[in-house]
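*Asks:* Got a sequence here, can you build the structure:
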Amino acid sequence: MSPPLVGWLDNSLMYCHCEYMSTTKEERLQIRVGPDDKALLERAAAASHLNVSAFVVQAAAAKAEEILAERSSIRLTREAAVAFTEALERPAEVNDRLAVAMRRKRTFSWLD
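*Replies:* Numbering: from 1, shown residues only. From the prediction side, this is the model:
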């Protein structure tokens, strides 16, 4: 015979792993999606063992970090900034090795 279910929510070890809930989520983000996108997100969330909200937040945050990392600023010392500016202002010199490389057929294509 199994124990009665009365009071089982009072057991914090069974109900809530508070150590994993370090931040309180107070902000709300609402989006509207089409049925195909919703079904896709639901399948991906289930495959990731997450609810849809957690999956969407996780995926969006990862993409946001990736985009922002690509656009980060570079801090240079005064000497490095001067050298960089001078390099930009000098016309490029094409040597024979570079000219040959530029004429060679590419084995890849850009994903623009």
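
*Asks:* Give the buried residues for stretch 80-100.
*Replies:* By neighbour count on 16 or more other Cβ atoms under 10 Å, the buried set for stretch 80-100 is empty. To be clear about C-beta, it is placed using only N, CA and C from the backbone, and glycine gets the same treatment.

*Asks:* sorry, that was for stretch 45-53
*Replies:* Ala45.

*Asks:* First-to-last residue distance for that stretch?
*Replies:* This stretch, stretch 45-53, spans 9 Å end to end (Cα to Cα, to the nearest Å).

*Asks:* do the same with stretch 45-52
*Replies:* 5 Å.

*Asks:* Just the pLDDT for Glu27.
*Replies:* pLDDT recorded at Glu27 is 89.

*Asks:* got it, and the one 3 residues further on?
*Replies:* Looking at Gln30, its pLDDT is 92.

*Asks:* got it, and the one 10 residues further on?
*Replies:* Leu40 is assigned a predicted lDDT (pLDDT) of 97.

*Asks:* Quick check: it vs Val56, distance?
*Replies:* According to Cβ to Cβ, to the nearest Å, Leu40 and Val56 sit 11 Å apart.

*Asks:* Give me the residue ranges of this protein where confidence is low.
*Replies:* Scanning the chain for pLDDT under 70 picks out the ranges 1-22, 111-112.

*Asks:* and Ala69, what helix or strand is that in?
*Replies:* Ala69 is located in helix 52-70, with elements delineated by DSSP states H and E.

*Asks:* Would you mark the buried spots in that helix?
*Replies:* Going by 16+ other Cβ under 10 Å, helix 52-70 has these buried residues: Phe55, Val56.

*Asks:* Tell me how far whatever helix or strand comes next after that helix lies from the chain's centre.
*Replies:* Next helix or strand after helix 52-70 toward the C-terminus (DSSP H and E): helix 78-89. Distance, stretch centre to chain centre, for helix 78-89: 32 Å (Cα atoms, centre = their mean, to the nearest Å).

*Asks:* pull the CA atoms of helix 78-89 into PDB?
*Replies:* This file holds the C-alpha atoms of helix 78-89, laid out as PDB (Å, rounded to 0.1, in the frame of the first residue of the first chain):
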ATOM      1  CA  ARG A  78      47.000  54.600 -27.800                       C
ATOM      2  CA  GLU A  79      50.000  53.100 -29.600                       C
ATOM      3  CA  ALA A  80      47.900  50.200 -31.000                       C
ATOM      4  CA  ALA A  81      45.200  52.700 -32.100                       C
ATOM      5  CA  VAL A  82      47.700  54.800 -34.000                       C
ATOM      6  CA  ALA A  83      49.200  51.700 -35.700                       C
ATOM      7  CA  PHE A  84      45.800  50.500 -36.600                       C
ATOM      8  CA  THR A  85      44.800  53.900 -38.100                       C
ATOM      9  CA  GLU A  86      48.000  54.100 -40.100                       C
ATOM     10  CA  ALA A  87      47.500  50.600 -41.500                       C
ATOM     11  CA  LEU A  88      44.000  51.500 -42.600                       C
ATOM     12  CA  GLU A  89      45.200  54.700 -44.300                       C
END
